[in-house]
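Enquirer: Would you be able to build a 3D model of this:
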Amino acid sequence: MDNVGTLGVTRARATLDRTPAFDRECSTCAFSSFFAVYMSSRASTCVVRTFLSARGGGAAAASSSVVRRLSVSTTRVRAIGAADDAVTMTTDVVGVDGATVAYDFGAHKLTNLVSPTPSDIDVASAAEALPIKLVAEKMCGLGEDDYELYGKYKAKVSEKLSTTLAGRKSTTDVGYYVVTAGITPTPLGEGKSTTTIGLVQALQAHTNQRAVACIRQPSMGPTFGIKGGAAGGGYSQVIPMEEMNLHLTGDIHAIGVANNLLAAAVDARCFHEATQSDDALWKRLMPAKKDGTREFSAIMFKRLKKLGITKTNPDDLTEEERSKFVRLDIDEDRITWRRVVDMNDRFLREITVGEAATEKGRTRKTGFDITVASEIMAVLAMTTSLADMEDRLGKMVVGPSKSGEPVTCDDLGCTGALMALMRDAIKPTLMQTLEATPVLVHAGPFANIASGNSSIIADQIGLSMVGKGGFVVTEAGFGADIGLEKFVNLKCRKSGLKPNCAVIVATVRALKCHGGGPPVKAGTPLDHAYTNENVDLVREGMCNLVRHIENTKAFGIPVVIAINAFPTDTEAEHAVIREACIAAGAEDAVLCTHHSHGGKGAVALAEAVKKACEANQDCKDFKFGYDTDLDIKSKIEAIAKNVYKADGIELSAKAQEKIDLYTKQGFGNLPICMAKTQYSFSHDQNMKGAPSGFTLPIGDLRLSAGAGFLVPLVGAFPTIPGLPTRPAYYEISVDLESEKVLGLS
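Expert: Model prediction:
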């Protein structure tokens with residue numbers, strides 16, 4: 001045994017073949033303490049570090065800086081006793097490969113579950129969450145400098161942690177990467193978020209595997225509209241669910257303000273250029289100091305560089321150069337940047353701005369998108385660092401000039417201000433499940449109108465946290481034809497990460513809908529066809545799930561099917577699903593009851609996922625769906641034909657005009673982010689099952705130069721939803737005595 005440093009750190013080396021060997025080595029420790037050690041049967045040479053901190057003394061802060069990142073583990077250790085009143089002790093086990101564990105992950109398994117399962121908000125309200133500081137430090141291995149507390153149960157995690165992956169010797173040192181997608185859903189949703197949470201609970205709390213879930217922040221549009229929140233449900237939830245489903249840590253608000261600041265800047269610039277001479281614009285943009293000199297702000301040098309002007313003294317610019325500098329000359333009829341609001345408000349889809357007399361008749365038609373459809377949200381999801389985000393925000397295009405050149409955020413001088421608004425939003429929010437499994441919540445782009453996945457940064461941090469042998473389960477929105485396709489062609493293309501396995505969530509209800517069952521409508525009781533056994537209807541609907549399996553396998557990703565069980569399902573219906581899935585090439589099809597049983601109800605799914613990942617460690621068959629060097633039309637056709645099974649596409653005159661413009665501007669090599677209905681493989685939400693042979697209409701095309709993709713709008717697809725006749729807000733309120741939120745789902 002040797003003493004190290006002056007922090008009271010004692011190191012004992014032992015070969016962990018059995019508990020007694022470890023105990024004998026630890027018995028030589030000079031300090032009075034008692035530990036219970038629980039270990040797997042797998043032998044591992046390790047170092048045991050005992051950290052002491054006197055209460056009220058300076059050693060506490062010093063030792064906390066020594067206890068750093070916890071990584072993977074084949075061995076678990078739990079400290080049960082303390083030395084004495086004067087000293088507290090924690091123990092961690094560090095393997096020779098850097099593996100570390102110092103927490104009993106099974107200590108927070110759910111017990112005393114109620115049947116039938118109470119409402120989501122009742123389950124969440126009854127839960128006893130751990131302080132997020134404990135989750136951050138004991139489960140995720142973070143130091144105090146790695147996170148910022150946002151109250152007792154939420155914390156912002158430094159985005160810089162994502163770069164720890166770059167320092168690893170090889171990609172085999174990171175955890176398994178699992179993506180959760182789904183069958184083409186009904187308006188009620190099929191439990192994809194719930195399955196994601198249930199799976200990580202099963203992995204960590206019930207099978208002793210390090211696991212982190214990476215999910216998106218819910219938009220308040222659906223929360224108060226039809227679908228509800230996105231914290232999971234039943235006994236597989238993120239808590240506190242009311243905080244997650246409402247404001248969380250303010251990221252969506254920051255995005256909305258940043259987006260609308262840029263929108264205001266666009267209209268203001270158009271107004272000022274239309275009402276002022278070049279000389280007046282110059283004097284206002286470049287005001288003289290008291291000594292008569294002028295100075296460019298830092299952001300202005302980006303526009304000067306774009307114009308090919310290398311001069312640094314404003315007084316050296318010629319009259320022609322001044323004119324080019326001050327006049328963006330935005331084509332007001334082709335402005336593409338729209339305002340946003342995080343609410344379902346159909347009456348904002350098309351508006352007229354500039355109606356006030358003070359705007360001197362300078363009106364124009366525009367519209368709102370929902371905030372999660374903002375390009376700034378997509379930038380947040382796709383960025384890899386603060387510097388990368390600044391570059392992406394600066395590249396965002398608000399529209400063309402009258403000469404056809406793209407006008408960017410950098411040109412408007414807004415990039416720095418947007419960075420100030422987004423400085424904290426780049427940091428993922430750390431939360432926990434009902435069984436204390438870590439969850440990283442970050443970004444919230446819809447899958448039907450945006451990129452549909454949580455952030456690259458969150459996934460990278462999660463993989464660094466779990467280490468080799470651990471699992472990061474990241475969720476892709478809606479059906480696999482939308483969310484998973486974008487996960488592959490957008491997210492993985494940018495991040496360089498490759499998934500070891502995909503989980504596709506299916507329900508008997510959705511399969512019956514695709515098999516010819518009556519329409520499923522939110523707020524309307526389900527037809528008896530969905531609550532009574534009907535094996536034939538399930539069998540007919542399997543064509544939809546089989547196509548999702550085939551599409552996913554075409555990307556080279558092994559597939560495990562999670563059958564999200566409902567009380568009205570029957571064994572015969574489940575048997576049909578499993579048989580057809582295996583025949584279609586799925587690795588397994590597993591019955592899951594995580595909604596009613598928590599992680600325990602997804603243990604079989606966890607085992608199937610682990611088996612699939614171990615068999616696909618090198619991800620050697622993974623591939624993208626198309627080459628970005630193809631022209632824009634060909635890339636859209638590749639998705640339409642290969643994923644949706646359309647015969648081809650039909651471009652509107654407006655869409656063709658945009659293709660020509662963006663190709664000319666140099667954006668033709670960007671990948672594609674389709675905006676289409678989530679309720680069908682086709683453009684028509686009433687075409688259920690597995691339609692083919694149709695022509696996919698492309699009504700418009702949008703450019704997201706900062707996010708790094710082009711967005712074809714299938715048909716006249718709205719980018720801000722509307723409210724139904726009976727929205728979810730009818731059920732939501734606050735208990736005036738307890739001050740708890742009621743009615744969230």
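
Enquirer: rest of the way, CA atoms for contacts and neighbours
Expert: OK.

Enquirer: for I561, helix, strand, or coil?
Expert: strand (DSSP: H, G, I helix; E, B strand; the rest coil).

Enquirer: Pull the contacting residues for it.
Expert: V503, I504, V505, A506, C581, A586, E587, D588, A589, V590 (Cα atoms under 8 Å, 6 or more residues apart in numbering).

Enquirer: now with 7 Å?
Expert: For I561, the contact set (Cα atoms under 7 Å, 6 or more residues apart in numbering) comprises V503, I504, V505, A586, D588, A589, V590.

Enquirer: Point out where the stretch 601-745 of the chain drops to low pLDDT.
Expert: Scanning the stretch 601-745 of the chain for pLDDT under 70 picks out nothing.

Enquirer: what about the helices in it?
Expert: 603-615, 632-642, 653-664 (DSSP state H, counting those that start in this stretch).

Enquirer: per-residue confidence for the closest residue to L110 other than its chain neighbours?
Expert: Sequence neighbours aside, E435 is the residue nearest to L110 in space, at 6.2 Å (criterion: Cα to Cα, 6 or more residues apart in numbering). Confidence at E435, expressed as pLDDT, is 96.

Enquirer: Can you tell me the SS state at E435?
Expert: coil.

Enquirer: Tell me, how many residues neighbour it?
Expert: By the criterion of other Cα atoms under 10 Å, E435 has 32 neighbours.

Enquirer: Which ones among the contacts of I561 map onto strands?
Expert: Judged by DSSP state E, strands contain the following of those: V503, I504, V505, D588, A589, V590.

Enquirer: any idea which of the residues you listed has the most stuff around it?
Expert: V503 (31 neighbours).

Enquirer: hang on, the earlier thing: contacting residues around the residue nearest to L110?
Expert: Applying Cα under 7 Å, 6+ apart to E435 gives the contacts H108, K109, L110, Q201, A205.

Enquirer: From these, pick the one nearest G225.
Expert: Distance to G225 across the contacts of E435 (Cα to Cα) is lowest for Q201, with 28.5 Å.

Enquirer: Apart from its chain neighbours, what residue comes closest to the closest one?
Expert: Closest to Q201 by Cα to Cα, 6+ apart is G599, at 4.5 Å.

Enquirer: before we move on, the earlier item: tell me the most buried of the helices of the stretch 601-745 of the chain?
Expert: helix 603-615 (a mean of 21; mean count of other Cα atoms under 10 Å).

Enquirer: my guess is R578 contacts L591, does it?
Expert: No. Contact criterion Cα atoms under 7 Å: R578 and L591 do not qualify, at 8.8 Å.

Enquirer: Look at R509 and give its secondary structure.
Expert: helix.

Enquirer: and the nearest residue to it once chain neighbours are set aside, what element?
Expert: Of all residues not flanking R509 in the chain, Y530 sits nearest, at 5.8 Å (Cα to Cα, 6+ apart). Under the criterion of DSSP states H and E, Y530 resides in helix 528-531.

Enquirer: what is the rounded mean pLDDT of that helix?
Expert: For helix 528-531, the per-residue pLDDT averages 94.

Enquirer: Who are the packing partners of whatever helix or strand comes next after that helix?
Expert: Sequence order places helix 535-554 as the next helix or strand after helix 528-531, per DSSP H and E. For helix 535-554, the elements it packs on are helix 508-514, helix 571-583, judged by 3 or more Cα pairs under 7 Å, 6 or more residues apart in numbering; DSSP states H and E.

Enquirer: Ranking the ones you listed by mean neighbour count, which comes first?
Expert: Burial of these is given as mean neighbour count (mean count of other Cα under 10 Å); helix 508-514 ranks first at a mean of 27.

Enquirer: Just the C-alpha atoms of that helix, please, in PDB.
Expert: What follows is helix 508-514 as a C-alpha-only set of coordinates in PDB (Å, rounded to 0.1, in the frame of the first residue of the first chain):
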ATOM      1  CA  VAL A 508     -51.300  -3.600 -31.500                       C
ATOM      2  CA  ARG A 509     -53.400  -0.400 -31.800                       C
ATOM      3  CA  ALA A 510     -51.200   1.100 -34.500                       C
ATOM      4  CA  LEU A 511     -51.000  -2.200 -36.400                       C
ATOM      5  CA  LYS A 512     -54.800  -2.500 -36.400                       C
ATOM      6  CA  CYS A 513     -55.100   1.000 -37.700                       C
ATOM      7  CA  HIS A 514     -52.700   0.200 -40.600                       C
END
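
Enquirer: for that helix, packing partners?
Expert: helix 535-554.

Enquirer: how about the helix it packs on: buried residues?
Expert: 535, 537-554 (16 or more other Cα atoms under 10 Å).

Enquirer: Kindly report the same for stretch 258-269.
Expert: A258, N259, N260, L261, L262, A263, V266, D267, R269.

Enquirer: Take those residues and write them to JSON lines, including secondary structure.
Expert: What follows is those, written out as JSON lines (three-state DSSP):
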{"residue": "A258", "secondary structure": "helix"}
{"residue": "N259", "secondary structure": "helix"}
{"residue": "N260", "secondary structure": "helix"}
{"residue": "L261", "secondary structure": "helix"}
{"residue": "L262", "secondary structure": "helix"}
{"residue": "A263", "secondary structure": "helix"}
{"residue": "V266", "secondary structure": "helix"}
{"residue": "D267", "secondary structure": "helix"}
{"residue": "R269", "secondary structure": "helix"}
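
Enquirer: Brilliant, that's me finished.
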